[in-house]
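> Can you look at this prediction? I've put the sequence above it.
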Amino acid sequence: MTNIHNLGLTDTEYAQLLAQGYDPNLEHQLIELGESLDQARKLAPIVGLTKDKAPETDEEWEEFMAVWGD
């Protein structure tokens, strides 16, 4: 079961993060490991894009670099 956390985001911000591979549970785990909220929010999409496999195609790398640049 997924726990619901107050993420301090609007629906639009949340939808944008989801499109980038954001996982609120991963963000929460990063916070529990000692990362600040801001740092966890930046790391969660990056980890979400690479947790299953590294980017392989040019399109996957472009998506990764767009998230990395944010």
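Everything's here; your move.
> So which bits of the helix or strand encompassing residue 49 are buried?
Under the criterion of DSSP states H and E, residue 49 resides in helix 37-50. Of the residues in helix 37-50, those buried by neighbour count under the rule 16 or more other C-beta atoms under 10 Å are 40-42, 44-49. C-beta: built from backbone N, CA, C; applies to glycine.
> same check, this time on stretch 22-37
For stretch 22-37, burial by neighbour count (16+ other C-beta under 10 Å) applies to 22-24, 26-27, 30-31, 35.
> how deep is residue 8 tucked in, by neighbour count?
9 (other C-beta atoms under 10 Å).
> and the buried residues of stretch 22-37, which of them are in strands?
Per DSSP state E, strands hold no members of the buried residues of stretch 22-37.
> could you give the mean pLDDT of the helix holding residue 49?
For helix 37-50, the mean pLDDT works out to 81.
> after it, next one along is what?
Of the helices and strands lying after helix 37-50 in sequence (DSSP H and E), the nearest is helix 58-69.
> got the CA positions of that next one in PDB?
The C-alpha coordinates for helix 58-69 follow below in PDB (Å, rounded to 0.1, in the frame of the first residue of the first chain):
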ATOM      1  CA  ASP A  58      19.200   9.500 -27.800                       C
ATOM      2  CA  GLU A  59      15.600  10.300 -26.700                       C
ATOM      3  CA  GLU A  60      16.100   8.700 -23.300                       C
ATOM      4  CA  TRP A  61      19.400  10.600 -22.900                       C
ATOM      5  CA  GLU A  62      17.700  13.900 -23.900                       C
ATOM      6  CA  GLU A  63      14.900  13.200 -21.300                       C
ATOM      7  CA  PHE A  64      17.600  12.400 -18.600                       C
ATOM      8  CA  MET A  65      19.600  15.600 -19.400                       C
ATOM      9  CA  ALA A  66      16.400  17.700 -19.300                       C
ATOM     10  CA  VAL A  67      15.700  16.400 -15.800                       C
ATOM     11  CA  TRP A  68      19.300  16.700 -14.800                       C
ATOM     12  CA  GLY A  69      19.400  20.300 -15.900                       C
END
